[in-house]
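> okay, predicted coordinates and the sequence, questions at the end:
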There are 2 protein chains.
Amino acid sequence: MAGATVLAPQGLSILPLRGIPEVNPNDDLAALLAEAARSSCGGLSAGDVVVVTHKVVSKAEGTLVDLAAVTPTARAERLQQRRGGDVRLLEVVLRESARIIREAPTVLICETRHGLVCANAGVDRSNVAGAQVVALLPSDPDASARRLRDALLSSVDGGPLGVIVSDTFGRPFRLGGVNVAIGAAGLPALSRHAGMTDQHGYELHDASDVASADEIAAAAELVMGKVAAVPAALVRGLQWVGEGSGAAELQRHPDRDVFRR
Amino acid sequence: MAGATVLAPQGLSILPLRGIPEVNPNDDLAALLAEAARSSCGGLSAGDVVVVTHKVVSKAEGTLVDLAAVTPTARAERLQQRRGGDVRLLEVVLRESARIIREAPTVLICETRHGLVCANAGVDRSNVAGAQVVALLPSDPDASARRLRDALLSSVDGGPLGVIVSDTFGRPFRLGGVNVAIGAAGLPALSRHAGMTDQHGYELHDASDVASADEIAAAAELVMGKVAAVPAALVRGLQWVGEGSGAAELQRHPDRDVFRR
């Protein structure tokens, strides 16, 4: 019954990882997370999942762009003339995008180079120090999660240990953003139930697969918040088998997405 | 800084509510939840949020349909000829739908009578006893949440107490379902940050609103699971002000939804 499922049958606790200072390029984020775990909740334990917002990952990795140094292309100029806004920001959004899926009134809904679909290709001005500097998504969020996880593994005697890199995405149909997993390492991102049976003996199918990593990211947001500036949380109580292949597993292929045609 | 935000600054614990028996029409679900809370975790406390899957709400409220008693319309017959499947199930899906948004290969993506957008208008066969019987969504999930919350309020000396009725929805762009709030009472469903400032002094805007009730439902799914048949969970540690107006607050108006045109 376990298979590739992620579940907390005995319950779950989610703790804010406090005391992480302002992160700068080349900072050792894994060390900062380990230290915050020590001071916030006695350190990491086997079975923990660390959720960290992509913003501090991008800062540590230096995936920041100074708008003052951006020269807009003609395409960005045309967009700006039609939609308004900061043409240099539009230029950065276009560079991060494989394509624009929809032009919404206040944001562009983009498919990023990574295959994620989100507002303004994840380029974000708020929460970044310096009005001219914007943060991009990490260049490879699954690789970022793997590096953090590998660095943290020694503190839990070999694990298991999961790391999720999160961002808050808007959604069609529903208001309000929800935190999702854009990177994951050490645990399956998707709980696959196909072939299992429920308590009435009905066989479950693909449609009953659950995006566990997204649910973990969502849960973590409840202790991190938008205003409180806690950039990471510890999720304790989950059980899983295997390590999965990252949050890319959660990307629906464009050809199989009736909302991307 | 608090306003309409829902947050767990000291951390969160999520506990499965075990021991809820198979629910039948006219069962007192509030009493079953209160008893499960007593036996699972010493009873409800002020500030708790109870998340309950819509399936047991629908069963208790008797919003079940026996397919043997369904006479398909011509529209359902035409759909069946084109797509295959059980014509009686298609008929029930059409009855529950205000309109069909997309025809995906294996499901219809419907806007329900309530304004929710989900696969097959939320009509669900698995987990319901009896192969011929399907469960509909509750007729008014916010009213269901309010009734449960009012009935449970006496056990927490007047509260605060939140109740969320959840369902697992698929999504555009991403694989795997996530649990969302289709009904809510006693707490704001949407955390509004517009006008607040982040730690760098940037003013947050509408796009930074967070669907807190959806994140709570997602967190709860991690202890309930698809296979384990735990239909409810207790979320402890959240702080909020006000009672909100229900999960309908999370519905994006179709005219403001670039993916519903």
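Everything's here; your move.
> looks to me like A:Val178 is in a strand.
Yes. Judged by DSSP: H, G, I helix; E, B strand; the rest coil, A:Val178 forms part of a strand.
> what's near enough to touch it?
Shown in contact with A:Val178 (CB atoms under 8 Å, 6 or more residues apart in numbering or on different chains): A:Thr168, A:Phe169, A:Arg171, A:Asp214, A:Ala218, A:Glu221, B:Val178, B:Val210, B:Ala211, B:Asp214, B:Glu215, B:Ala218. Heads up, the C-betas are built off the backbone N, CA and C, glycines and all.
> quick one: which of the residues you listed is nearest to B:Ala69?
Within these, distances to B:Ala69 taken as CB to CB reach their minimum at B:Val178, with 33.2 Å.
> so what pLDDT did that closest one get?
As predicted, B:Val178 sits at a pLDDT of 97.
> and for A:Val227?
66.
> from A:Val50, how far off is the most centrally placed residue in chain A?
What sits nearest the mean C-alpha location of chain A, by CA atoms, centre = their mean, is A:Ser166, with 2.2 Å. A:Ser166 sits 11 Å away from A:Val50, going by CB to CB, to the nearest Å.
> just A:Val6 next, same as before
Between A:Val6 and A:Val50 the computed distance is 15 Å (CB to CB).
> mind checking if whatever helix or strand A:Val56 lives in is in reach of chain B?
Element membership of A:Val56, judged by DSSP states H and E, is helix A:54-61. No. If you take CB under 8 Å from any CB of the partner chain as the test, helix A:54-61 misses chain B, and the best it gets is 10.3 Å.
> partners of the helix or strand that that helix is followed by in the sheet?
Sequence-wise, the next helix or strand downstream of helix A:54-61 (DSSP H and E) is strand A:64-66. With DSSP bridges as the test, strand A:64-66 is paired with strand A:133-135 (antiparallel).
> quick one: average pLDDT of the strand it pairs with?
92.
> now stretch A:31-43
95.
> helices along chain A, start to end?
A:29-41, A:54-61, A:74-83, A:87-96, A:141-152, A:212-224 (DSSP state H).
> what is the third one packed up against?
Other elements packing on helix A:74-83 under the criterion 3 or more CB pairs under 8 Å, 6 or more residues apart in numbering or on different chains; DSSP states H and E are helix A:87-96.
> give me the contacts around the helix it packs on.
A:65, A:67-68, A:70-73, A:75-77, A:79-80, A:83, A:108, A:110, A:112-113, A:120-123, A:125, A:134, A:136-137.
> returning to what we had before: okay if I get the helices of chain A as CSV plus mean neighbour count?
Converted to CSV, the helices of chain A look like this (neighbours: other CB atoms under 10 Å in any protein chain shown):
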stretch, mean neighbour count
helix A:29-41, 19
helix A:54-61, 24
helix A:74-83, 14
helix A:87-96, 20
helix A:141-152, 22
helix A:212-224, 30
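> which one of the ones you listed lies nearest to A:Arg18?
Using CB to CB, the nearest of these to A:Arg18 is helix A:29-41, at 5.1 Å.
> give me the angle between that closest one and helix A:141-152.
Helix A:29-41 and helix A:141-152 are oriented at 60 degrees to each other (axes from the mean of the first three to the mean of the last three CA atoms, to 10 degrees).
> packing partners of helix A:29-41?
Against helix A:29-41 (3+ CB pairs under 8 Å, 6+ apart) you get strand A:12-16, strand A:49-53, helix A:54-61, helix A:141-152, strand A:232-236.
> what's A:Leu250 in contact with, if anything?
A:Leu250 touches A:Val180, A:Ala181, A:Ala189, A:Leu190, A:Ala211, A:Ala213, A:Asp214, B:Arg174, B:Leu175, B:Gly176, counting by CB under 8 Å, 6+ apart.
> let's see 10 Å
For A:Leu250, the contact set (CB atoms under 10 Å, 6 or more residues apart in numbering or on different chains) comprises A:115-116, A:180-182, A:184, A:189-190, A:209, A:211-214, A:244, B:171, B:173-176.
> and if you look at A:Asn24?
Applying CB under 10 Å, 6+ apart, we find A:Asn24 in contact with A:Val56, A:Lys59, A:Ala60, A:Gly62, A:Leu64, A:Ala129.
> swap in 8 Å and give it another go.
Taking CB under 8 Å, 6+ apart, we find A:Asn24 in contact with A:Lys59, A:Ala60.
> coming back round to it: please name the nearest non-neighbouring residue to the residue nearest to the centre of chain A.
Spatial nearest neighbour of A:Ser166, excluding adjacent residues (CB to CB, 6 or more residues apart in numbering or on different chains): A:Ala217 at 4.0 Å.
> okay, now the unreliable bits of the stretch 101-250 of chain A?
Residues of the stretch 101-250 of chain A meeting the criterion pLDDT under 70: A:126-130, A:199-200, A:202, A:205-206, A:227-228.
> what segments of it are strands?
Listed in chain order, the strands of the stretch 101-250 of chain A (DSSP state E, counting those that start in this stretch) span residues A:108-112, A:117-119, A:133-135, A:162-169, A:178-185, A:232-236.
> and of those, who's closest to A:Leu152?
That would be, of these and by CB to CB, strand A:162-169, which comes in at 6.9 Å.
> what comes up buried for stretch A:103-123?
By neighbour count on 16 or more other CB atoms under 10 Å in any protein chain shown, the buried set for stretch A:103-123 is A:104, A:107-114, A:116-123.
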